[in-house]
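Asker: Give the three-dimensional model of this entry:
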Amino acid sequence: MYTEQANILSEHFGLNNNSDNKVTIKPIGNGHINTTLLLQGANAPVVVQKLNKYVFPEPNELVNNARLIEQHLTNKKQDNNYDLEIIKHVATVNQDYLIDIKGDSWRGLEFIGGSYSEDVVANVQQAKIAANAFGQFAAALADFDATQLFSVIPDFHHLAKRIDALKEAANLDKSARLKSAQDEVDFCLSQNALIDELETLKSQLPLRACHNDTKINNMLFCSKQHNAKAVIDLDTCMSGYWLFDFGDMVRTFCSPEEEDSTNLDNVVIREDIFAAIVEGYVTPLENLITQAEKQSFWLGAKVMCLMIGVRFLTDYLDGDNYFSIKRAGHNLDRAKNQFALYQDLLKKEDKLKALLD
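Answerer: Purely as a prediction, here's the structure:
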C-alpha cells in the first residue's frame, strides 16, 4: 500500500544504499491520528509518520516543538537527571526533518527496540510504572519555558470550546446522525458546571510544558525488565497544566476495557489502579508540585473523561473527520464508553478523592 512512499522515504533517509537490500514498510502502533510505519532498509530502521494535516495544519511547528523537548530531555539525560530513553527525530541525508511527498508531510523518528506498549493496563504495577514515567517526563520539563511551544492544536483542553463545538455539530447535523446520539448530547450539555470550576481553578496554577496525551500506549515498557523505557508521541506537547496529564492517565489506565469497548457494564474506575497512578505520578514531582496543582488532579480526572467523550461525540456528528474509525458508529461507541467511565468516576468520588489527599 505504501510502496511508492517507502522508496522515496528510503532515499531521503539513506536506507537504499545497497542495491541488494530490499526496503520494507509496515504499520506499527495504534494511534488515532497520524499514519505510523516502520521503514527498514540497509541501515537501522526508521519510524516514519505521515502527519494528519487536518489535525496538525502546521507540521513544521509540531516538529519544532518536539525537537525542543528532545533537546531539553537530552541535556537532562547527559546530566544524569533523566533516566528514560528519548524519542528523537531522524534527519534526512539533506539534514531536513520534514519531507513533502505529493502534498503529504512525513517525518522520521528513531526506532526504540526491545520495547512494547499496552493498550489496557493489566495490573497495579504496570499502572505505577507508567504513571511514574510520565511523572519523570513532567519533572524533567519543570524548568523548561513552556511559552516556547507553539500551540499546534489551539484550545486543545479548553472544555468550554469543546462543548461549543459539540453544540455547533449538533445544530448543523450535517451527517444526519443527531437522532442516534441525542441522549449523549443532552448529557454533555448538562455538565456545564464543570466549565466554571475549571476556569476558576486554572488561574491558580503555574503554566507547564505538558505531554497532553498520557495514554498508556504512549509509554514503552522494556521487553526484558518490564520497567519503563520511554515516553513517546510528543506531537501534542504544548503549554498547559499537569491536571490534564493526570486526568488522561486516569481516563486511559483505570478502565479494564479499551476506550472503544461496547461492554459498558465493565467500563469502571479500578480504585487500586487510581491509587497507583497517584503514587507513581506524584513521587517524581513531590519537590516541584504546588498544593493547588495536587488539589487540581481530581478535577483533571473528571474533565478528561468528559472532554474526550465530547470530542468523540462531536467527531461522530461531524462525519468522523478527526479520529480514525474502523467501523460504523465507532466514535459514538467511544463517546458512550467515556461517559460510562465519567459517571463511575463521579459515583466513587469520596473514595478516589481520599486517595489523592
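
Asker: Is K128 in a helix, a strand, or coil?
Answerer: helix (DSSP: H, G, I helix; E, B strand; the rest coil).

Asker: Please tell me how far it sits from G113.
Answerer: Distance of K128 to G113, computed by C-beta to C-beta, to the nearest Å: 24 Å. C-beta coordinates here come from the backbone N, C-alpha and C atoms, glycine included.

Asker: Mind checking which of those two has more residues around it?
Answerer: Neighbours of K128 and G113, each counted by other C-beta atoms under 10 Å, are more numerous for K128; the result is 22 against 10.

Asker: these two touch, right, the more buried one and V278?
Answerer: No. K128 is beyond contact range of V278, at 9.4 Å (criterion: C-beta atoms under 8 Å).

Asker: Follow the chain on from the longest helix anywhere in the chain and name the next helix or strand.
Answerer: In the chain, taking DSSP state H as the definition, the longest helix is helix 291-318. Downstream of helix 291-318, the next assigned helix or strand under DSSP states H and E is helix 330-347.

Asker: Can you give me the buried ones in the helix or strand following that next one?
Answerer: Toward the C-terminal end, the helix or strand that comes next after helix 330-347 (DSSP H and E) is helix 349-356. Neighbour-count burial for helix 349-356 flags L352, L355, L356 (criterion: 16 or more other C-beta atoms under 10 Å).

Asker: Can you tell me the closest non-neighbouring residue to the residue nearest the centre of the chain?
Answerer: Ranked by distance to the mean C-alpha position of the chain (C-alpha atoms, centre = their mean), the top residue is D213 at 2.2 Å. The shortest distance from D213 to any non-neighbouring residue, by C-beta to C-beta, 6 or more residues apart in numbering, is to T236 (4.8 Å).

Asker: Just to check, the one you found is in contact with H211?
Answerer: Yes. T236 lies in contact with H211 (C-beta under 8 Å); the separation is 7.1 Å.

Asker: Helices of the stretch 1-150 of the chain, residue ranges please.
Answerer: Taking DSSP state H, counting those that start in this stretch to define them, one finds helices in the stretch 1-150 of the chain at 3-12, 59-78, 124-140.

Asker: by contact count, what packs against the longest one?
Answerer: Judged by 3 or more C-beta pairs under 8 Å, 6 or more residues apart in numbering; DSSP states H and E, helix 59-78 is in contact with strand 85-86, strand 89-90, strand 104-110, helix 124-140.

Asker: And the nearest residue to H12 once chain neighbours are set aside, how close does it get to V47?
Answerer: Among residues not flanking H12 along the chain, T92 sits closest, at 4.3 Å (C-beta to C-beta, 6+ apart). Taking C-beta to C-beta as the measure, T92 falls 14 Å from V47.

Asker: And D164, by the same measure?
Answerer: Distance from D164 to V47, by C-beta to C-beta: 36 Å.

Asker: Quick check on these two: which one has the bigger neighbour count.
Answerer: The neighbour count for D164 versus V47, taken as other C-beta under 10 Å, is higher for V47 (20 against 14).

Asker: Not counting residues beside it along the chain, what's closest to that one?
Answerer: Computed as C-beta to C-beta, 6+ apart, the closest residue to V47 that is not its neighbour in sequence is L109, at 4.3 Å.

Asker: go on, S105?
Answerer: In this structure, S105 finds its nearest non-sequential neighbour in P59, 4.1 Å apart by C-beta to C-beta, 6+ apart.

Asker: how many other residues sit next to the one you found?
Answerer: For P59, the count of nearby residues is 23 (other C-beta under 10 Å).

Asker: pLDDT score for it?
Answerer: Among the per-residue scores, P59 holds a pLDDT of 94.

Asker: is it true that P59 touches L98?
Answerer: Yes. Counting by C-beta under 8 Å, L98 is a contact partner of P59 at 6.0 Å.

Asker: Touching both of these two, which residues are there?
Answerer: In terms of C-beta atoms under 8 Å, 6 or more residues apart in numbering, P59 and L98 are both contacted by the residues S105, R107.

Asker: could you give the angle of the longest helix of the chain to helix 349-356?
Answerer: Helix 291-318 runs at 130 degrees relative to helix 349-356, counting by axes from the mean of the first three to the mean of the last three C-alpha atoms, to 10 degrees.

Asker: list the buried ones in helix 291-318?
Answerer: Buried residues in helix 291-318 (16+ other C-beta under 10 Å): 293-318.

Asker: next one: stretch 115-125
Answerer: By neighbour count on 16+ other C-beta under 10 Å, the buried set for stretch 115-125 is S115, S117, V121, V124.

Asker: If we ignore the residues flanking it in sequence, what's nearest the first one?
Answerer: Counting by C-beta to C-beta, 6+ apart, L220 is the residue found nearest to S115 once chain neighbours are left out, at 4.0 Å.
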